[in-house]
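In: Predicted model and sequence follow; I will ask about them next.
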Amino acid sequence: MSVVIAVDGTAASGKGTLAKRLARHFGFAHMDSGALYRLTALAVLDNGGDPSREADALKGARAIDLSRAGDPAIRTDIVGSAASQVAAIPAIRAALHDFQLAFLVKPPGGSPGAVMDGRDIGTVIAPNATAKLFVDAAPEVRAHRRWLELRGMGINRDEGELLNEIRARDHADRTRTISPLKQAFDAALLDTTSLGIEPAFAAALHLVSAKVESALKDRQRG
Ligand code: DC
């Protein structure tokens, strides 16, 4: 296993941005595991399937096109809630498990480490991760960030509706029977409710740095 930073947390908590910034800081590879569930959901919707049906979802998982991980089409709220549905199916989680593990064992580009963000990285995918963060923020603040982000993309949504969607997704992610969203017992909590991106990044770095630097030194010593 490489040096792994697991970043779990709620929707729109800032975990993705923090994970990317941490990866850049340490020169590690980064994977947004949510993109795998979103790509699966997109494939199901494109096929006219039902994201809550195992057979349709498995067909979608097999049709995942990784080159579309940066495609804005996977970032819509429709794909987000379909992703939450496919993510509750055990066979889908099993199908995506090995892929995530392979990335952590041997990150691309010969990188000594990897940062992976998602919902179950510190609890299920990499329980022995070097450092773990659990990122959260008040739902109202997350809805407002999402509203700003969408407005920046020229999409005008009702903020109250976004808040309801965020609450529904939190509930679905936290209450599913398989790999529910929860803070790992050894994860550090980072509440970004009143933190902008720079102070949040500084706090994240403060929480993981000592563990990461020491693991990198151990690796060098061989
Ligand atoms: O982080 P995100 O919003 O892109 O994730 C989309 C959905 O995928 C989310 O509602 C739950 C699911 N997901 C998951 O179950 N496990 C992960 N490791 C990542 C995402």
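Out: Looks like it arrived, so ask away. Residues are numbered from 1 along each chain as shown.

In: does any part of the one helix or strand residue 42 maps to sit near the ligand?
Out: Assigned by DSSP states H and E, residue 42 falls within helix 33-46. Yes. Helix 33-46 lies within reach of the ligand by Cβ under 6 Å from any ligand atom, at 33-34, 37-38. Bear in mind the C-beta positions are built from the backbone N, C-alpha and C, glycine included.

In: ok now that helix, how far from the chain's centre?
Out: 13 Å (Cα atoms, centre = their mean, to the nearest Å).

In: what's the answer for stretch 186-197, then?
Out: 15 Å.

In: Skip ahead from the helix holding residue 42 and say which helix or strand is next.
Out: Following helix 33-46 toward the C-terminus (DSSP H and E): helix 54-62.

In: and that next one, C-alpha only, in CSV?
Out: What follows is helix 54-62, C-alpha atoms only, in CSV (Å, rounded to 0.1, in the frame of the first residue of the first chain):
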residue,chain,number,x,y,z
GLU,A,54,-29.1,-4.2,-9.5
ALA,A,55,-29.1,-5.6,-13.1
ASP,A,56,-29.3,-2.1,-14.7
ALA,A,57,-26.7,-0.8,-12.3
LEU,A,58,-24.2,-3.6,-12.9
LYS,A,59,-24.6,-3.1,-16.7
GLY,A,60,-23.8,0.5,-16.0
ALA,A,61,-20.7,-0.3,-13.9
ARG,A,62,-19.4,-2.5,-16.7
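
In: my guess is residue 134 is in a strand, correct?
Out: Yes. Assessed by DSSP: H, G, I helix; E, B strand; the rest coil, residue 134 belongs to a strand.

In: Show me what from this structure comes close to the ligand.
Out: Going by Cβ under 6 Å from any ligand atom, the residues of the chain near the ligand are 11, 33-34, 37-38, 80, 83-84, 87, 118-121, 169, 173.

In: Among the residues you listed, which lie within helices?
Out: Among these, the ones falling in helices (DSSP state H) are 33-34, 37-38, 80, 83-84, 169, 173.

In: Now the two most distant members of those residues.
Out: Distance extremes for those: the farthest pair is 33 and 169 at 15.4 Å, using Cβ to Cβ.
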